[in-house]
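K.L.:
Sequence first, then the predicted structure, then my questions.
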Amino acid sequence: MEKATAVFVREGYTSVTMKDIVEACGISRGGLYKYYSSTKEIFVDILSTEKVGDNSLFIKSMENGANAIKILADFLY
């Protein structure tokens, strides 16, 4: 999750691909797809892992087109 988080921070939510996460994490594409079917699922998991109660806030921010850096900054700080 740490490496995937770094990819989202560096690239921005809408620019990240599953390939980006595969390369950053050093895992196979099949290994990633075993657990996640999209970058959105990974992003939501990252956000909900640390702050389960705030999950709806993050989903609403994503639906409203908020920048991934802002979402993560709000989450981390």
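P.N.:
Cool, got the structure. What you see is a predicted model; the values in this text were computed from it and never measured.

K.L.:
what helix or strand does the spatially most central residue of the chain sit in?
P.N.:
Among the residues of the chain, residue 43 comes closest to the average C-alpha position under CA atoms, centre = their mean, at 2.2 Å. Using DSSP states H and E, residue 43 sits within helix 39-50.

K.L.:
Equivalent analysis for residue 23, please.
P.N.:
helix 18-25.

K.L.:
Would you mark the buried spots in that helix?
P.N.:
Buried residues in helix 18-25, defined by neighbour count with 16 or more other CB atoms under 10 Å: 20, 21, 22, 24, 25. Placement of C-beta: from N, CA and C, glycine included.

K.L.:
coming back round to it: only C-alpha atoms, please: export the helix holding residue 43 in CSV.
P.N.:
The C-alpha coordinates for helix 39-50 follow below in CSV (Å, rounded to 0.1, in the frame of the first residue of the first chain):
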residue,chain,number,x,y,z
THR,A,39,-7.0,1.8,-9.5
LYS,A,40,-10.1,3.2,-7.9
GLU,A,41,-10.4,0.1,-5.7
ILE,A,42,-6.7,0.5,-4.7
PHE,A,43,-7.2,4.2,-4.0
VAL,A,44,-10.3,3.6,-1.8
ASP,A,45,-8.5,0.8,0.0
ILE,A,46,-5.5,3.1,0.8
LEU,A,47,-7.8,5.7,2.1
SER,A,48,-10.0,3.4,4.1
THR,A,49,-7.2,1.3,5.6
GLU,A,50,-6.1,4.2,7.9
